[in-house]
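structure of the sequence below:
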Amino acid sequence: MAAPPPPPLSLSSPSPSPPAIPSSLFFPPPEIPVLSFNSKFSELSKFHHHPTISANPILLFTGIDSPPIVDTQTFLVTVSVLVAISLSLVLGLKGDPVPCERCAGNGGTKCVFCSDGKMKVETGLVDCKVCKGAGLILCKKCGGSGYSKRL
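All right, here's what the predicted structure looks like:
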């Protein structure tokens, strides 16, 4: 006669089922408010109230018994988003950039000593020593950006 098979191995001990959450915590009984109108055709109007979540929504993520805990990742993401939004608002409220008056927004003037950054010498073409091969002499007022500095 064959022996019965051994019971299945379990890595965790059996635990009791989690306590049931009463539905009245999230869905209060519907209320029917009565409104009256003071007019010639006075009537009572009834509105059906749909059940809504009356508890704090953070309880849906943390549970009923535990206090809401903000972990490091949530904190860092929240702070990063707030910093990005505030920086965007501050820079947006500064207004449009003003082009430089000296270079008219070009960032500099075309170099007169070369053509497209190359100078002709006896040995061939080399980078211009004046504009360093850029073909443009940078404006000293705006630093080559083309916009005047704003305070």
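
which strands and helices sit next to the lengthiest helix in the chain?
Secondary structure assigned by DSSP state H gives helix 72-93 as the longest helix of the chain. Counting contacts by 3 or more Cβ pairs under 8 Å, 6 or more residues apart in numbering; DSSP states H and E, helix 72-93 packs against no other helix or strand. Placement of C-beta: from N, CA and C, glycine included.

please enumerate the helices of the chain.
Using DSSP H, the helices of the chain run over 23-26, 59-62, 72-93.

got the confidence number for Ser86?
Looking at Ser86, its pLDDT is 93.

shaky segments in this structure?
Where the chain drops to pLDDT under 70, the residues are 1-69, 149-151.

okay, now the domains of it?
Listed by automatic domain parsing, the domain ranges of the chain are 23-80, 97-151.

relative to Lys118, how far out is Phe124?
Just so we're on the same page, residue 124 is Gly rather than Phe. To Lys118, Gly124 is 9 Å away according to Cβ to Cβ, to the nearest Å.

now the strands: where do they sit in this protein?
Applying DSSP state E to the chain gives strands spanning 34-36, 44-46, 108-110, 118-121, 124-127, 136-138.

go ahead and confirm Lys118 touches Leu125.
Yes. Applying Cβ atoms under 8 Å, one finds Lys118 in contact with Leu125, separated by 4.4 Å.

distance between the ends of stretch 89-102?
Using Cα to Cα, to the nearest Å, one end of stretch 89-102 lies 30 Å from the other.
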